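how does the following fold in three dimensions:
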Amino acid sequence: MTDFTRLPDLASRALGGAVVAANDELFAAKENLVLPEVAAERAQFGHKGKEYDGWETRRRRSPGHDWAIVRLGSPGIVAGIVVDTAHFTGNYPPHASLDGAAVEGHVSIDELTKADWQPLMPLSDLAGNTHNIFPVYSDRRVTHVRLNIHPDGGVARLRVHGTVLPDPRLVDVGPFDLAALENGGLVTAVSNEFYGRPAQLISPGLARSMGEGWETARRRDHGNDWVDVQLACEGVVSLVELDTSYFLGNAPGTAAITGIAPGGEVSLLPRTRLQPDTRHRFVLESSPSVDRVRLDVYPDGGMARLRLWGRPTVAGRAALGRRWFDALPDVQALEVLRSVGLPPQEAGRLVGARPVSGELPPPAARLLDGPLG
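Residues are numbered from 1 along each chain as shown. Have a look, this model is predicted:
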């Protein structure tokens, strides 16, 4: 995609992102930074001054700068960020920068602050009451980002757009939704998104309203609407879930799922009748391996969620594992190899030889290519 803002917001609270630490939040809470909704203008005043829908620090009277650390909802490779200063006019930071880190496990805040932070965006100028958009040029997978504002001030929202790159060790234990955004699924094309974004189809959790699904405009021709989804990796789908929850008078009448692989297209779910406000589940007795799918809805309407439960193929799991390992920062790559018993010298050689190819030592092969690799 050329417009990185079309990629998922890896930091969004809707994806599980959270602001885990900030050095200051006197005027407005750090948690507002990753809320999925647009920042609202507020007129009320509280005990600490005017209330803002964002994160705001006090006026700095000492050298240094303020910062906030965000745990990404799904780790991945950052393509660009939006530092939104909506409604901050005389109190926005004049400059900002962004760092990224990759850590193993669930670390404490103290451990996190001491992580190997690497720059993702250099110190850049900001404007007030503006969506400040910055591309990021990095091929490394990160689990956390740190927004630095110089020297102080307020930011309404931080959007961290990129591609999800899941930890393949989690894939191995299953069950696995091949289409899920948090697993690396991605909407690549759509016929219409007038009322609702198609990325919400593959977002975590159940929809809580019609506004949390994908909905098209009313068609006035003889065609139908559709959405294309790139799967987390090549896999075999065994259970399809089409959820029309909250769509009452505007659910599709029927739907079909077509799988797409290098060899061509194959029908996974033939055109099937749907009911409004219902979670439909369809077991597929046998289906070929695919790496993309197209959901067709007839003729139009809304869908809350699309789930494609299944298992990666051997080739798909290996491709995912190697793509993940190649994107790890050096420190984390060495750490994961040590965790499977690879000697330090051999681990260092493998990290230095990335991108990996060919045969691997058995411990590394099980890690990267999967239990059957």
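
quick one: distance of the host helix or strand of Arg281 to the chain centre.
Element membership for Arg281, per DSSP states H and E: strand 279-283. The chain centre lies 25 Å from the centre of strand 279-283; the measure is Cα atoms, centre = their mean, to the nearest Å.

tell me what it is packed against?
strand 225-243, strand 264-273 (3 or more Cβ pairs under 8 Å, 6 or more residues apart in numbering; DSSP states H and E). Quick note: C-beta positions are derived from backbone N, CA and C, even for glycine.

which one of the ones you listed is the most hemmed in?
Highest mean neighbour count among these (mean count of other Cβ atoms under 10 Å): strand 225-243, with a mean of 22.

tell me the first helix or strand C-terminal of the strand holding Arg281.
strand 289-298.

can you tell me the strand partners of that following strand and which way each runs?
If you go by DSSP bridges, strand 289-298 pairs up with strand 225-243 (antiparallel), strand 254-261 (antiparallel).

nearest to Thr216, of these?
Closest to Thr216 of those, according to Cβ to Cβ: strand 225-243, at 4.4 Å.

could you give me the average pLDDT of that closest one?
Averaging pLDDT along strand 225-243 yields 96.

repeat that for stretch 115-125.
For stretch 115-125, the per-residue pLDDT averages 97.

got the contact list for that stretch?
Taking contacts as Cβ atoms under 8 Å, 6 or more residues apart in numbering, the residues outside stretch 115-125 that touch it are 78, 81, 94-103, 107, 132, 134, 136, 138, 140, 142, 144-146, 150, 329, 331.

so which of those residues sit within strands?
Secondary structure from DSSP state E places 78, 81, 95-101, 132, 134, 142, 144-146, 150 of the contacts of stretch 115-125 in strands.

so Thr5 belongs to a helix, correct?
Yes: residue state for Thr5 (DSSP: H, G, I helix; E, B strand; the rest coil) corresponds to a helix.

quick one on the thing from earlier: kindly write the ChimeraX command that selects the buried subset of the contacts of stretch 115-125.
Command for ChimeraX, covering only those of these found buried under the criterion 16 or more other Cβ atoms under 10 Å:
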select :78,81,96,97,98,99,100,101,102,103,107,132,134,136,138,140,142,144,145,146,150,329
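
which residues touch Ile133?
Thr5, Gly80, Ile81, Val82.

excluding covalently adjacent residues, which one is nearest to Val240?
Nearest non-adjacent residue to Val240, counting by Cβ to Cβ, 6 or more residues apart in numbering: Phe282, 4.5 Å away.

quick check: the one you found touching Pro270?
No: counting by Cβ atoms under 8 Å, Phe282 does not reach Pro270; the two are 9.9 Å apart.

name the nearest residue to Arg317, ignoring sequence neighbours.
Nearest to Arg317 is Gly370, by Cβ to Cβ, 6+ apart, at 3.9 Å.

count the neighbours of that neighbour for me.
Gly370 has 20 neighbours, counted by other Cβ atoms under 10 Å.

over to Ile69?
So Ile69, with other Cβ under 10 Å, has 22 neighbours.

pLDDT below threshold where in the stretch 1-150 of the chain?
1-2, 43 (pLDDT under 70).

90 instead, please
1-2, 14-16, 41-53, 105-109 (pLDDT under 90).

got TSV for the strands paired with strand 289-298, with distance to Arg338 too?
Listed next are the strands paired with strand 289-298 as TSV, based on distance: least, Cβ to Cβ, whole Å:
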stretch	distance to Arg338
strand 225-243	25
strand 254-261	37
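
nearest to Ala353, out of these?
Here strand 225-243 is closest among the strands paired with strand 289-298 (Cβ to Cβ), at 22.8 Å.

related to what we said a few turns ago, may I see the helices and strands packed on strand 279-283 arranged in CSV, with distance to Glu37 as well?
Shown next, in CSV, are those (distance: least, Cβ to Cβ, whole Å):
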stretch, distance to Glu37
strand 225-243, 22
strand 264-273, 33
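
so for Glu41, which of those sits nearest?
Ranking these by proximity to Glu41 (Cβ to Cβ) places strand 225-243 first, at 33.5 Å.
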